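In: Give the three-dimensional model of this entry:
(one chain, ligands or ions: 1)
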Amino acid sequence: MKILVIGGTGTIGKRIVEHFSKDHQVLIAGRSSKDYPMDIADTRSIKRVFKKIKKEGKVHAIICAAGEAKWAPFKDLSETDYHIGLRSKLMGQVNVVRLAKKCLKKKGSVTLTTGVLADDPVFKTASAAMVNGGIHSFVQAASLEMKKQIRVNVVSSGAVMDSWDKYASYFPGHPPISMDKMMNGYIRSVMGRGTGQIIRIYI
Ligand SMILES: NC(=O)c1ccc[n+]([C@@H]2O[C@H](COP(=O)([O-])OP(=O)(O)OC[C@H]3O[C@@H](n4cnc5c(N)ncnc54)[C@H](OP(=O)(O)O)[C@@H]3O)[C@@H](O)[C@H]2O)c1
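Out: So this is what the prediction gives:
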């Protein structure tokens with residue numbers, strides 16, 4: 001398979017790239033990528049990269065492990081702060097799905113990334129939790145209309161082991177998710193046949 005990983009240099013993306021590179025061709029996109037420079041908050045850059053990939057040969061799967069949202073106490077979150085998550089993690093991933101067919105083979109898959117905050121939010125996450133929940137609803141609804149063309153799923157994991165130093169204090173009593181367990185979510189989405197699935201990995 002040929003697989004595009006958006007955010008393939010990040011904590012989660014690196015593991016995805018490492019896993020799939022063993023048996024597949026993997027392309028990495030991101031803001032600092034030289035070959036496939038893409039900011040998912042900028043629709044034109046998504047289109048540019050997808051057009052380039054179409055010329056080179058379409059991919060069988062797109063995985064997005066990128067997207068930002070502002071973490072701050074609810075009383076401090078401005079409207080502008082909310083727009084960071086809406087533009088990047090929410091609409092960025094929605095636009096990846098909207099435009100996917102430009103570079104994705106028929107019956108290919110798109111896998112998005114959210115996180116446990118959608119179901120079990122913690123302090124400072126009004127914006128991040130909202131965005132994750134929006135993506136879950138989007139995936140369930142949009143996949144209904146694309147069943148014959150492409151599969152769309154989302155992996156929603158708890159804070160992962162490789163980020164635990166950074167996030168442990170925000171998630172009291174939550175278990176860190178091993179990178180292998182997290183990876184299984186992406187494997188299920190890419191290699192399985194499911195669509196419209198929210199693949200939750202919380203324990
Ligand atoms: N870490 C966790 O424990 C955890 C758990 C569940 C869900 N998540 C979610 O998973 C996603 C990735 O998390 P992470 O911890 O791996 O983040 P990370 O380590 O900060 O990596 C983010 C990756 O995405 C790319 N990126 C960031 N913003 C982008 C944009 N606007 N357009 C294109 N590429 C972009 C970055 O590369 P460039 O800087 O080159 O663009 C990098 O490769 C996030 O949405 C996060 O909320 C994380």
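
In: Mind listing residues that contact the longest strand along the chain?
Out: What stands out as the longest strand in the chain, according to DSSP state E, is strand 104-113. With contact meaning Cβ atoms under 8 Å, 6 or more residues apart in numbering, strand 104-113 is reached by 7, 12, 58-67, 93, 96-97, 100, 135, 139, 149-156, 186, 189-190, 195. All C-beta spots, glycine's among them, are computed from the backbone N, C-alpha and C.

In: from the chain's centre, how far out does the next helix or strand after that strand sit?
Out: Moving toward the C-terminus from strand 104-113, the next helix or strand (DSSP states H and E) is helix 126-144. Mean-position distance between helix 126-144 and its chain equals 11 Å (Cα atoms, centre = their mean, to the nearest Å).

In: And for stretch 155-165?
Out: Relative to the centre of its chain, stretch 155-165 is centred 13 Å away, using Cα atoms, centre = their mean.

In: burial count for the residue lying closest to Val190 once chain neighbours are set aside?
Out: Counting by Cβ to Cβ, 6 or more residues apart in numbering, Val190 lies nearest to Ala61, which is 4.8 Å off, once chain neighbours are set aside. For Ala61, the count of nearby residues is 25 (other Cβ atoms under 10 Å).

In: sec struct for Ala61, please.
Out: Here Ala61 is recorded as strand under DSSP: H, G, I helix; E, B strand; the rest coil.
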